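got a structure for you, letters missing:
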């Protein structure tokens, strides 16, 4: 009986993948446009694929070594689930990026026929990524669980499923950091030489770094962000299962195997909620009835409400206990509020205050932007803290994991909005480079502006999801390790907090250094091109 | 018998104040120089005094209200010790700044006769502040302790002495933040209008914001930093007393009243160690035998070694237990190492790597500087964590407080080096504005460069001292409140950590915003002057 219920989860995962395929087809059906657009789009595609292929080669080798290590130190089953985790993570990122790099030029061309058509193509392209990540996540985790539960002579699924989330983390480290450095270095290099040194506009075709910048949007903000959120998603699911195995609800009820199956059902339900949100946006986008900013918000809120209902029904009728409902809802509400907070800071009054400050020069712009950026983080943290207390109050340690899962239940629609951002950005770049009429460029600029906000929301959501995943991991780890004491006055705990607190500074320093170095190499290369290729600056080459 | 031993502490405090007076006289004996120097120095003096007087007026009023609140909610004795704390903190800052604003022009004039004479004046001027803070600290805390211990019908000294450290914190909030905003806004305003808009050099007399910038160095980096470190110093002493009252050494020995007196003796001993370090630097500076950078380091290390010996003797012969020696030494060693780490980052290879990066433009400079800055924090945190574990291992919770006290035992010499920085900076500014010959300006620039490094060391020391004080406070508070559980998996503890972790972002945002706003007002005023005062730019007014 239990396994039949569990079987719904991979089924939903498969259906989600089919939906993702349908979205991809719908995107590719759109007209790629005339050669001046397809050439540039093609160049971005080739650049992104080349970069990813190199990254995959290095990552694949490292993954093999790590899998061998796991097989030796732990066992061959963990190594196997690790490999499945790597595969699912890689696949979802690659699918998302392949469609994104094909959608960009199509959006540019669609913008010629108006805003709603362009929005529809851009959003459909982004949703491929969103649905691929959540569907492969649902399919992968539940598949591994069922495999080890059904096969004889294999260990308990919960003993080996951590390998799956290790695989997701492994991919995230490579793709997120590698892609992040690429995109920022290309962005900086393009602006430094183009805007500052030579004085040509952004996205000018004469600047070789511009294509690299557009490639960077895809490998960093599509594949990178996707792998990042896939990691948080997978970690949260897996830790929920582990904590669920021993979970006591707030009322003292022992949940038994239902404690493991409930998170899996939540995942499946979240995929459905996201898919419905995506469908609403896709349908309304073609109708041209509301402004793009509002439309994307409608999608997010629709998925949120459906997910809320789903959690309610599952808690009430499957578990028969409402504690988990409150816990998961607290996470969902916190996730939505954090998104709205980011939207406020990147779109409303605070943004205008930066514009006003910038009138007194670049230094004031940096100062004002830094202040607003710092301020924007405060409410998110307070909300996270509150959500944590509420979740724990209603369902104990299990509640903390469920709260993370509640937040991530609408990952599908969230990630769709995120991936929409770089597609719109690319479309704007292509419009500029292919010399589209100003009416078309106005539309792509408009979409790009909306995309900047959704991208910012995506980053804040990713950060919150990471925090939720880290909290679940901490709980699961100390449960599994039977750690009784973690008092912050304990000097080793405090020393750990201090050192842990400074690690982001170390990693940031390392990443910033590579961005600086890479940008410098890029500047030198573009300078060389301007110097050696006669007629380049005059636009003749 | 015990009270007689304690009496040595205020005695050392008084002697230290006399030493501070001697240093002040020695600074003022130096020739103030010709009118073109004294006019500027006088303007800085007037500016700094005016600003501080206004700040004191607001602060005094707020302190009265807060004291009344303390008297109502707690008792009149706490209100009294609070007021003594405010008084001592205000006094030490004011003494230090008064001498610093009188030393600046004298350093410029002394630079005409050579490097060693100028270094001597600048360092003596800075040491006034260093010795005033530690002497008034020793005098104030031990005075309050003895007063309540000897007077009949008054509460236990440890029950009211927290008022004293509240007073110190109260002053620090006003003077540090107010001064900090002033100095950075003036610095920014001066650079924005002068260097960027009008294109005149730094410290040009035609730019009205330049005097404000020099005033800012005094109110922010002398009075502000002094009040900041006074707070950390006082907090650490007071919490050591409180924890000491119930301290068990690692060997299980109950220390009794010795546990309270030992920290007071450490403070007195530290003042002596700092005074000897100051004397060494002052004497060697006149002899012109070693480079300024090396000389200042010799002073720091001398004080460190003397302090180490002092801790050893006090532990061995007064306490008869070596646990506290190891604990205090761990803090002292960590403090010195953090200072050396900062020196390395602000003076050696990492600095040159920023210079190299800057060749590719301003953006690369920011990126490289940010990366190096982030990286520089890592080792400090690791050292703090290690020191904590060592201190706790040897003397338990008492050891954590003693470790902070060990670090702060050389505060006198450290603060002397810090206050030297802005004096040298001011001297450079005055040399530029009064049109000194380039040989003189080379000397003041050299002193200024050394001062930038010592100022950076001072800031890292201040940050470490704050961390040490915060750890002591946490320990003392949870001891006093009989808090048994502070498990980080406890959701309220974790929520507290999250919210606490984001508070610096909130405060930074608020402070940065005021700096931006103030700088903008300053830019408008200087622009107005350049526009309305005919002939200003030509240097005729």
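Received, thanks. Please read all numbers here as calculations on a predicted model, not as lab measurements.

so what's the residue count around the residue in the stretch 301-450 of chain A positioned nearest to chain B?
Going by C-beta to the nearest C-beta, chain B is nearest to residue A:385 of the stretch 301-450 of chain A, at 3.2 Å. C-betas here are computed from N, CA, C, even on glycine. Residue A:385 has 23 neighbouring residues, counting by other C-beta atoms under 10 Å in any protein chain shown.

same for the helix or strand where it lies, what does it pack against?
Following DSSP states H and E, one finds residue A:385 within helix A:362-408. Applying 3 or more C-beta pairs under 8 Å, 6 or more residues apart in numbering or on different chains; DSSP states H and E, we find helix A:362-408 packed against helix A:225-245, helix A:258-287, helix A:323-347, helix A:349-358, helix A:438-480, helix B:162-191, helix B:491-532.

ranking the ones you listed by burial, who's on top?
helix A:225-245 (a mean of 28; mean count of other C-beta atoms under 10 Å in any protein chain shown).

separation between the residue lying closest to the residue of the stretch 301-450 of chain A closest to chain B once chain neighbours are set aside and residue A:45?
Excluding its sequence neighbours, the residue lying closest to residue A:385 (C-beta to C-beta, 6 or more residues apart in numbering or on different chains) is residue B:495, at 3.2 Å. Here the distance between residue B:495 and residue A:45 works out to 46 Å (C-beta to C-beta, to the nearest Å).

excluding its backbone neighbours, what's nearest residue A:129?
residue A:96 (2.8 Å).

lowest-pLDDT helix or strand in chain A?
helix A:349-358 (a mean of 78; mean pLDDT, DSSP states H and E).

can you tell me the closest non-neighbouring residue to the residue in the stretch 51-200 of chain A that chain B sits nearest to?
As assessed by C-beta to the nearest C-beta, chain B sits closest to residue A:192 within the stretch 51-200 of chain A, at 5.9 Å. Nearest non-adjacent residue to residue A:192, counting by C-beta to C-beta, 6+ apart: residue A:523, 5.4 Å away.

contacts for stretch A:450-457 next, please.
Residues outside stretch A:450-457 that contact it (C-beta atoms under 8 Å, 6 or more residues apart in numbering or on different chains) are A:122, A:221, A:292-293, A:296, A:339, A:342-343, A:345-347, A:414, A:417-418, A:420-425.

report the contact partners of residue A:183.
A:213, A:216, A:217, A:219, A:220, A:221, A:224.

7 Å - rerun?
A:216, A:217, A:219, A:220, A:221 (C-beta atoms under 7 Å, 6 or more residues apart in numbering or on different chains).

what is the mean pLDDT for whichever strand or helix holds the first one?
This means residue A:216. If you go by DSSP H and E, residue A:216 is part of helix A:208-216. Averaged across helix A:208-216, pLDDT comes to 84.

that helix vs helix A:491-532, what angle?
Interaxial angle, helix A:208-216 versus helix A:491-532 (axes from the mean of the first three to the mean of the last three C-alpha atoms, to 10 degrees): 140 degrees.

other SSEs contacting helix A:208-216?
helix A:35-73, helix A:162-191, helix A:411-433, helix A:491-532 (3 or more C-beta pairs under 7 Å, 6 or more residues apart in numbering or on different chains; DSSP states H and E).

redo that, cut-off 6 Å
helix A:35-73, helix A:162-191, helix A:491-532 (3 or more C-beta pairs under 6 Å, 6 or more residues apart in numbering or on different chains; DSSP states H and E).

can you list the ones you listed in JSON lines and add mean pLDDT?
Formatted as JSON lines, the helices and strands packed on helix A:208-216 follow (pLDDT from 0 to 100):
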{"stretch": "helix A:35-73", "mean pLDDT": "91"}
{"stretch": "helix A:162-191", "mean pLDDT": "87"}
{"stretch": "helix A:491-532", "mean pLDDT": "83"}
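
settle this for me: the residue of the stretch 301-450 of chain A closest to chain B is touching residue B:497, isn't it.
No: with contact defined as C-beta atoms under 6 Å, residue A:385 and residue B:497 do not form a contacting pair (8.3 Å).

chain A against chain B: which residues are in contact?
Counting by C-beta under 6 Å from any C-beta of the partner chain, chain A comes close to chain B at A:192, A:360-361, A:363-364, A:367-368, A:370-371, A:374-375, A:377-378, A:381-382, A:384-385, A:388-389, A:392, A:486-489, A:491-492, A:494-495, A:498-499, A:502, A:505-506, A:508-509, A:512-513, A:516, A:520, A:523.
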